[in-house]
Every structure is written in structure tokens, then in C-alpha cells.
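# what follows is a protein structure lacking sequence information:
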């Protein structure tokens, strides 16, 4: 896959993550929500933040002269969020806690696989953070694809697409 195609794919996933929130805007947390329901809503908010940072990074990379500070900030936020990702899935916080949740039951029934996928995302986001902090635009572009692939791999196995 060419760098341009990888960048386009990464932009697509960032937009998809960010756009996913549009469907959930009508899905308000109940006033008397359980801890699991609160966790499911907080997880959604965190994924929106992750998507917004991917979008900011990808939008900046489209520019003829990307702002390295924006790239570094977005990559740092992605890395920070990715590091916390496994804590966003306490038991019981799936569709039983929030019907609009996209978390598949396999997150909990295949905990070892999910942990490995989350570790891969953290590792790739860490590499993205490192190259973005260094300011090498070509290195950042090269790391976008592996980071995208790590996210995609987790989505394919552990996320169900909700039909709006």
C-alpha cells in the first residue's frame, strides 16, 4: 500500500470514529445510571476524543506544510488515550449496560486476545508519538498505517457496527 493510500485509509478510520458519535447524540445517559453504564458512556466519550485526535492529525498531514506542533499534540493525545484503553471495558459495560454500545462480548470472553490487541494499539500509538515528537513528517506518515492497522484489527474482532 502506498503512503497516500495508507494516509487515506487512516483518514477514513478517523472520520468513522468521529462520525460514530453523531448517532449516539440522542443516546443520553440515564440519571440513575449504574457504574457499568457510566463506564460505557465514558468509553464512548474517550473513543470520540481518540477519533478527534486522529482526524486532527490526518487533516494536518494533508496540508502542504503540516504544523509539527499539531501533529505532536495529536499523537501525544492518541498515545495517552491508547494507554488507558483497556480500562474502558469493565465487566458488564457492554450492550447490557448501554444498548448502543458497540463492544462485542468477545472483549470479555477472549480477554487475552483483547489484551494483546490493546497492547498492539498502545505500542503503535507509542511509535507514532515518538516520531511525531521528533517532527519527521515522512516518519509520521509512515507510522500512520501501522497505527491504523492496529485500530482496525481490534475493531474487526471486538467491535460490532451499529446500524443507525
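Done, it's in. These figures come from a predicted structure and were not determined experimentally. Numbers count the residues shown, from 1 in each chain.

# low pLDDT regions in this structure?
1-26, 163-164 (pLDDT under 70).

# quick one: the helices in it?
Under the criterion DSSP state H, the chain contains helices at 3-24, 35-62, 68-84, 106-109, 111-134, 137-158.

# of the ones you listed, which is nearest residue 96?
With respect to residue 96, and counting by CB to CB, the nearest of the helices of the chain is helix 35-62 at 7.6 Å. For glycine as for every other residue, the C-beta is placed from the backbone atoms N, C-alpha and C.

# now the angle from the closest one to helix 111-134?
40 degrees (axes from the mean of the first three to the mean of the last three CA atoms, to 10 degrees).

# returning to what we had before: Serialize the helices of the chain to TSV and add fields for distance to residue 95 and mean neighbour count.
TSV is the format used below for the helices of the chain (distance: least, CB to CB, whole Å; neighbours: other CB atoms under 10 Å):
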stretch	distance to residue 95	mean neighbour count
helix 3-24	13	16
helix 35-62	9	19
helix 68-84	22	19
helix 106-109	11	16
helix 111-134	16	18
helix 137-158	13	19
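
# residue 98: which of those helices is closest?
helix 35-62 (3.7 Å).

# helices and strands around that closest one, which ones?
Here helix 35-62 touches helix 3-24, helix 68-84, helix 137-158, going by 3 or more CB pairs under 8 Å, 6 or more residues apart in numbering; DSSP states H and E.
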